[in-house]
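J.: here is my input; please provide its structure:
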Amino acid sequence: MAYPDPVLHNDPTMKMTGAQALVRQLIAEGVDTVFALPGVQVMAIFDALHEHRDSIRLVQGRSEMALTHMADGYARVTGKPGVAIVVPGPGALYASGGLGTAYGASSPVLLVSAQIPSDALGKARGELHEIEDQLDVFRPITKWNARSSQVDEIPGMVREAFDQMGKGRPRPVEIEIPTDTLSASDVTDMVEPEPPVRMAPKNAAIQAAMQALATAERPIIFAGGGAAISGASAELTALAEMLGAPVMTTPQARGVIDPDHPLYLGVNYAQLTPGTEVMEYCDVALAVGTRLLMPGLDLSGKKLIQIDVDPEEIGRNFRPEVKVLGDAALTLAAILDGLGEAGFRLGTRATEDGKRFASKWKKKIANGISDLAPEQTAIVDTIAGELDDDDIVISGITNIGYWSHVRYPVRTLRSYITTSYFIPLGYAYPTALGAKVAAPDRKVVAISGDGGFMYMASEMSTAVAHGIGAVALVFNNSAFGASNWDQAHRFGERYIGTELHNPDFVKLAEAHGVRAESTDPDGLGPALRRALDADAPALVEVRLPNMMPPFQIVR
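T.: So this is what the prediction gives:
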């Protein structure tokens, strides 16, 4: 495979190891933190990290899946790639859970996996940590992956990895380097990094979108994760105001428009959606950075304009009349400019119609949530009351996390993190650690269930060892709650395999050196405040009964 030519020249007579070439190129790419675990095949990398410990921080976790979740949390908050380093075989496979999450959420995560000795590759001899065709294992959950067995190729391979993460749709990538190559030496130069180039839309597509929007009587905007990732908040809000278009988001797009904006309609999630009546109102739908996999969404007879940076997503679930391939922020800005130059002006009545419709449904959804789930609503509101707009919430795979999708007020991009569709148990706490490493001056809270938290409870030692002051909210109902609720209401209360025997979470946390306390929902506010004020690793257990999740509503 051809990689970019080295152009950051070092001493032409100086050799470096493959591990040194890797670490120096990571530093050249702007990497300041890596999440890693040691093992025989990666020890040369650790030695190179020690050499450059003033330039790049090593956060050593307790499981490879946690490492990739941490790297994902770092990437989601900063917008920069997060980097994890693991041994091959079991280490790489453990890491795949976090990589799959990053893939589903379009997050730029680089997994660096060592490999068995290069002369043993493909021979199935049973080398330590060997897995045949490891590259093939990662292809379904990466945008790109590659292996290099030449020291002088490593900087170019790293540069290509960052280029892949930076162009088009951001997704994880994986690179592999055999252990003998990491230890070998050769004359090697670094590669000059290049800033990512955002994909600009074609003018013909912009003109078609402008025409469809200019003639729309009742447009609605559906915003997905792609709009948030591109930072299209200002452009999307301005276009909504120009068109008088109500805006509905996915959970991944929270923060792309202020929840108090008069045109904000709400979140399309589970059964909590305006659905049919929104479609009856709408004549033109503008989809921005979403694949439109939304419950109750029927676009029959509607004109659909779909904007996406990934050509494979356009038309995946609905056939658009207008297709616009491009970065969401650049595309919306071009549409805004074009409509403005064309003298487009919306009548006052149309503007008020959009605001009135959005207000009606926002109130209806909010009241419906409060009526359906008053206990969950109160808990989410309590959490929100203790956090500022730019603080960070990791919404975990648990009842309160689910309800947070539709209730928690998100006003700042990159402050509300979800798994998108992959939904692995255990992701919230390590993701919060990565987010806190990325933003040490912001408060970070992980919303976890008792079942999910125990997947990654050992990472409390990581938090203490590295002084990572994220707060774990552990909601304890002594069950895998959603599955237990399913058995109660769909399977005639035939319970099996969903009830949990839990440890004393306070003692468990304190054994790790984490500040901890236990409370019921009534005491959550003060307990969370104390945990946040401590500015240190902390856990708050909240004891509560099992409660209805939003995707299993019983009326």
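J.: Ala472 in helix, strand or coil?
T.: strand (DSSP: H, G, I helix; E, B strand; the rest coil).
J.: and the residue lying closest to it once chain neighbours are set aside, what does it touch?
T.: For Ala472, ignoring the flanking residues on the chain, the nearest one in space by C-beta to C-beta, 6 or more residues apart in numbering is Leu539 at 4.5 Å. (C-beta placed from N, C-alpha, C; glycine too.) By C-beta atoms under 8 Å, 6 or more residues apart in numbering, the residues touching Leu539 are 460, 471-472, 474, 505-506, 509, 514-517, 531.
J.: repeat that for Val77.
T.: Per C-beta under 8 Å, 6+ apart, neighbours of Val77: 392, 414, 417, 434-435, 438-439.
J.: switch the contacts of Leu539 over to TSV; also include neighbour count and pLDDT.
T.: Shown next, in TSV, are the contacts of Leu539 (neighbours: other C-beta atoms under 10 Å; pLDDT from 0 to 100):
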residue	neighbour count	pLDDT
Met460	27	98
Val471	29	98
Ala472	31	98
Val474	30	98
Phe505	24	98
Val506	17	98
Ala509	26	98
Val514	22	98
Arg515	18	98
Ala516	23	98
Glu517	18	98
Ala531	26	98
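J.: just the ones of the residues you listed in strands?
T.: With DSSP state E as the criterion, strands contain 471-472, 474, 515-517 from among the contacts of Leu539.
J.: relative to Ser415, how far out is Asp388?
T.: 9 Å (C-beta to C-beta, to the nearest Å).
J.: that should have said Ile468, apologies.
T.: Applying C-beta to C-beta to Ile468 and Ser415 gives a distance of 18 Å.
J.: quick one, phi/psi of the residue nearest to the spatial centre of the chain?
T.: Geometric centre of the chain, nearest residue: Ala105, 4.6 Å, by C-alpha atoms, centre = their mean. Phi and psi for Ala105, reported as degrees, to the nearest 10, are phi -100, psi 10.
J.: give me the buried subset of the contacts of Val77.
T.: Taking 16 or more other C-beta atoms under 10 Å as the criterion, what is buried in the contacts of Val77 is 392, 414, 417, 434-435, 438-439.
J.: going along the chain, name the helices of the stretch 401-550 of the chain.
T.: Counting by DSSP state H, counting those that start in this stretch, the segments of the stretch 401-550 of the chain that form helices are 428-438, 450-455, 459-466, 481-490, 505-512, 524-534.
J.: can you tell which of the ones you listed is closest to Leu128?
T.: Minimum separation from Leu128 across the helices of the stretch 401-550 of the chain (C-beta to C-beta) falls at helix 459-466, 25.2 Å.
J.: show residues contacting that closest one.
T.: By C-beta under 8 Å, 6+ apart, the list of residues contacting helix 459-466 reads 59-63, 66, 429-430, 433, 437, 468-470, 472, 508-509, 512-514, 537, 539.
J.: buried only: go through those residues for me.
T.: 59-63, 66, 429-430, 433, 437, 468-470, 472, 508-509, 512, 514, 537, 539.
J.: domain ranges for the protein, per the record?
T.: Listed domain ranges for the chain are 15-187, 203-360, 373-552 (source: automatic domain parsing).
J.: will you turn those into JSON lines that also has distance to Pro196?
T.: Putting these into JSON lines (distance: least, C-beta to C-beta, whole Å) gives the following:
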{"stretch": "domain 15-187", "distance to Pro196": "3"}
{"stretch": "domain 203-360", "distance to Pro196": "10"}
{"stretch": "domain 373-552", "distance to Pro196": "17"}
